[in-house]
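A.B. asks: I need the structure of the sequence given here:
(one chain, ligands or ions: 1)
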Amino acid sequence: MNYGGNRVLTGVDLDVYQGQIIGYIGPNGAGKSTTVKIMLGLVDGYRGSVEIFDQDIANGDQAYKQRIGYVPEGGDLYDNLTACEYLTFTGRLYGLNEQEAEYKASRLIEKFGLEDVFHTRISAYSKGMKQKVLIIASLLHDPDIIFLDEPLNGLDANSVMIIKEILSQLAEEGKTIFYSSHIMDVVEKISNRIILLADGKVIADGSFEDLRQKNKEGTLEEIFNQLTGFNQHKQIADDIVSIVKEVEGDA
Ligand SMILES: Nc1ncnc2c1ncn2[C@@H]1O[C@H](COP(=O)(O)OP(=O)(O)OP(=O)(O)O)[C@@H](O)[C@H]1O
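C.D. replies: Numbers count the residues shown, from 1 in each chain. Next up, the predicted model:
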């Protein structure tokens, strides 16, 4: 994939199977969101091929998109709509009829404790409330593949437990989950396969146990640091603190 001549994905060759929860991790700028956007058909101009549900997504048939759910990172919602309007609208885009979408949305909203604001404009929601709406929007049409980009942003600890449980139940039912996040302990716990992308290439791919055996390190965070060759956090932090403390007249 090239952005204005800048190659960002150079070595991504993956087979993903139904029922997997894939933790997709990598340093900032590694190309995670770009991979997801290619699979969602949101960017083109890439080289290579992507098959979803056994079909090349470049074949012009957009039907596969109705079987996909997506929680974009920091996703923008139409703030002037109420949750009811927004969810009914997105449900319809995904092929539900209006009554079905509204009824299902109202029940899911209630489960997330937002029933009192179902008819309130989203602009009045807190960050976590907006995130719940995005998650509901991604699930409303019972998709077979779900892409989640930092889905726990802004959620409280109780909601995090619910989402983790939902993801594991959906995977058990055969849904495929592509989970991109920088929160290593969550990725470590929920994923049955972890893919580490660095500089546009896959540099590790396996279960957490596989990665641990190969790298002889304890936590996923430590494995991540090791595989990406990073060991300067202390030095960088020291430098930053000393710059922050500089004030005019010190020099
Ligand atoms: N629309 C764009 N135009 C130009 N370059 C882009 C664009 N989107 C992404 N890039 C570049 O592509 C590279 C990969 O970006 P991408 O957003 O896929 O990374 P990421 O792994 O998701 O990063 P992060 O963890 O910070 O979200 C970066 O170098 C970025 O600057």
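A.B. asks: state the mean pLDDT of the longest helix anywhere in the chain.
C.D. replies: What stands out as the longest helix in the chain, according to DSSP state H, is helix 157-172. The average pLDDT within helix 157-172 is 95.
A.B. asks: quick one: residues in contact with that helix.
C.D. replies: Helix 157-172 has contacts (CB atoms under 8 Å, 6 or more residues apart in numbering) with 19-21, 112, 128, 132, 135, 139, 146, 148, 151-152, 155, 177, 179, 186, 189-190, 192. Every C-beta, even on glycine, is put in place using the N, C-alpha and C of the backbone.
A.B. asks: swap in stretch 12-22?
C.D. replies: Stretch 12-22 has contacts (CB under 8 Å, 6+ apart) with 31, 35, 48, 144, 167-168, 171-172, 174-179, 190-195, 197, 200-202, 205.
A.B. asks: repeat for stretch 220-240
C.D. replies: Counting by CB under 8 Å, 6+ apart, stretch 220-240 makes contact with 25-27, 184-185, 187-188, 194, 196, 198, 203-204, 208, 211-212, 215, 217, all of which sit outside it.
A.B. asks: pLDDT below threshold where in the protein?
C.D. replies: Per-residue confidence for the chain (pLDDT under 70) gives these ranges: 249-251.
A.B. asks: 90 instead?
C.D. replies: When the per-residue scores of the chain are filtered using pLDDT under 90, the ranges that remain are 1-12, 39-49, 54, 57-65, 73-79, 199, 212-218, 225-234, 247-251.
A.B. asks: which positions in it make contact with the ligand?
C.D. replies: For the chain, the contact set with the ligand under CB under 6 Å from any ligand atom comprises 3-4, 8, 26, 28-34.
A.B. asks: report the buried members of those.
C.D. replies: 8, 26, 30-34 (16 or more other CB atoms under 10 Å).
A.B. asks: hmm, back to that, mind giving me the ChimeraX select for the contacts of stretch 220-240, buried ones only?
C.D. replies: One line in ChimeraX is enough to select the buried members of the contacts of stretch 220-240, burial here meaning 16+ other CB under 10 Å:
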select :25,26,184,187,188,194,196,198,204,208,211,212
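A.B. asks: still on that earlier bit, out of the contacts of helix 157-172, which are inside strands?
C.D. replies: For these, membership in strands holds for 21, 146, 148, 177, 179, with DSSP state E as the criterion.
A.B. asks: neighbour count and distance to residue 40 for those - can I get that in CSV?
C.D. replies: Below are the ones in strands among the contacts of helix 157-172 laid out as CSV (neighbours: other CB atoms under 10 Å; distance: CB to CB, whole Å):
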residue, neighbour count, distance to residue 40
21, 23, 18
146, 23, 11
148, 24, 12
177, 25, 14
179, 25, 15
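A.B. asks: from residue 115, how far off is the residue most central in space within the chain?
C.D. replies: When CA atoms, centre = their mean is applied to the chain, the residue found nearest the centroid is residue 149 (1.8 Å). Separation of residue 149 from residue 115 (CB to CB, to the nearest Å): 27 Å.
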